[in-house]
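**Student:** what shape does this take:
(one chain, ligands or ions: 2)
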Amino acid sequence: MQGVLNIKKAPPDEGFEFVLAGRSNAGKSSALNCLAKNKKLARTSKTPGRTTEINFFKVTDEIKLVDLPGYGFSKMSVDKKKNLDTLLDNYFSSRQSLCAAIIFMDIRHPLKNSDIQMMEFCHKYEVPFIPVLTKSDKLNSSAISRSIKDVEKKLNSKPVIVTSSKDDEGFDKLSKKILEFVE
Ligand code: GTP
Ligand code: MG
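**Tutor:** Ligands and ions are numbered 1, 2, ... in the order given. Below you'll find the model as predicted:
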């Protein structure tokens, strides 16, 4: 793992990168661990704001998963937030190997303003995004179906992927989606 706060320190711009975005506490780092099948890879936490740098994880020879700090974390200092915004602008605008962003949202409260802004940010830099609803273990199946339907409708029928890091569900589907960009 390589954590950076400056784009110049990022690993070489090669292979295929997928960036994990989402609000603080949405479950990005937990999902990264499930995707990489290594529960200790990315640090997860009950305290929002655990991830504070851009962390690059090499999961295969060619594929890197890039864990981002969660947005909407109010305790981050103004300076740090500014740095991070600049870093993200630089990263999204210049990174050739960036294939897609995976936007993680807690299934119980998806599509907050900050999520929509992230989607618009992706659009601005022409980076495709994959919407993921996390923590499905927190809802029963009919509530899950309702949430999927609602989110897909709001995203103009874009399909969403549902995951649970607790039950290790949905990650085969997400891996498949990721590989579609690589092939
Ligand atoms: P930041 O790094 O602060 O942006 O958070 P994050 O999005 O990386 O979240 P993280 O993976 O650290 O998870 C936050 C909390 O949610 C932790 O307590 C996790 O154990 C819990 N969590 C994550 N995924 C799931 C899930 O699928 N189900 C349940 N029940 N809890 C989850
Ligand atoms: Mg994290």
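**Student:** every contact and neighbour count from this point should use C-alpha atoms.
**Tutor:** Noted.
**Student:** tell me, what's the model's pLDDT at the residue of the chain positioned farthest from its centre?
**Tutor:** Within the chain, the residue lying farthest from the chain centre (C-alpha atoms, centre = their mean) is Ser142, at 25.3 Å. On pLDDT, Ser142 comes in at 98.
**Student:** likewise for Asn38?
**Tutor:** At Asn38, the predicted lDDT confidence score is 74.
**Student:** identify all contacting residues around the lengthiest helix in the chain.
**Tutor:** Counting by DSSP state H, the longest helix found in the chain is helix 78-94. The contact list for helix 78-94 (C-alpha atoms under 8 Å, 6 or more residues apart in numbering) reads Leu5, Asn6, Ile7, Leu98, Cys122, Tyr125, Val127.
**Student:** among those residues, which are located in strands?
**Tutor:** If you go by DSSP state E, the contacts of helix 78-94 have Leu98 in strands.
**Student:** surely the residue farthest from the centre of the chain is in a helix?
**Tutor:** Yes. Under DSSP: H, G, I helix; E, B strand; the rest coil, Ser142 falls within a helix.
**Student:** bridging residues for the closest residue in space to Ala10 that isn't next to it in sequence?
**Tutor:** Spatially, and ignoring its direct neighbours in sequence, Ala10 is nearest to Val4 (6.2 Å; C-alpha to C-alpha, 6 or more residues apart in numbering). Per DSSP bridges, the residues bridged to Val4 are Ile54.
**Student:** and for Val4, the neighbour number?
**Tutor:** Val4 is flanked by 16 other residues according to other C-alpha atoms under 10 Å.
**Student:** residues contacting the closest residue to Ala42 other than its chain neighbours?
**Tutor:** Spatial nearest neighbour of Ala42, excluding adjacent residues (C-alpha to C-alpha, 6+ apart): Ser29 at 5.5 Å. Counting by C-alpha under 8 Å, 6+ apart, Ser29 touches Ala42, Arg43, Thr44, Asp67.
**Student:** ranking those by neighbours, who comes first?
**Tutor:** Asp67 (24 neighbours).
**Student:** if I look at it, how far off is ligand 1?
**Tutor:** Distance, Asp67 to ligand 1, using C-alpha to the nearest ligand atom, to the nearest Å: 8 Å.
**Student:** test my guess that that residue contacts Gly27.
**Tutor:** No. Judged on C-alpha atoms under 8 Å, Asp67 makes no contact with Gly27 at a distance of 10.8 Å.
**Student:** want to throw the contacts of Ser29 into a markdown table with secondary structure and distance to Lys81?
**Tutor:** Output for those, formatted as a markdown table (DSSP: H, G, I helix; E, B strand; the rest coil; distance: C-alpha to C-alpha, whole Å):
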| residue | secondary structure | distance to Lys81 |
| --- | --- | --- |
| Ala42 | coil | 21 |
| Arg43 | coil | 20 |
| Thr44 | coil | 20 |
| Asp67 | strand | 16 |
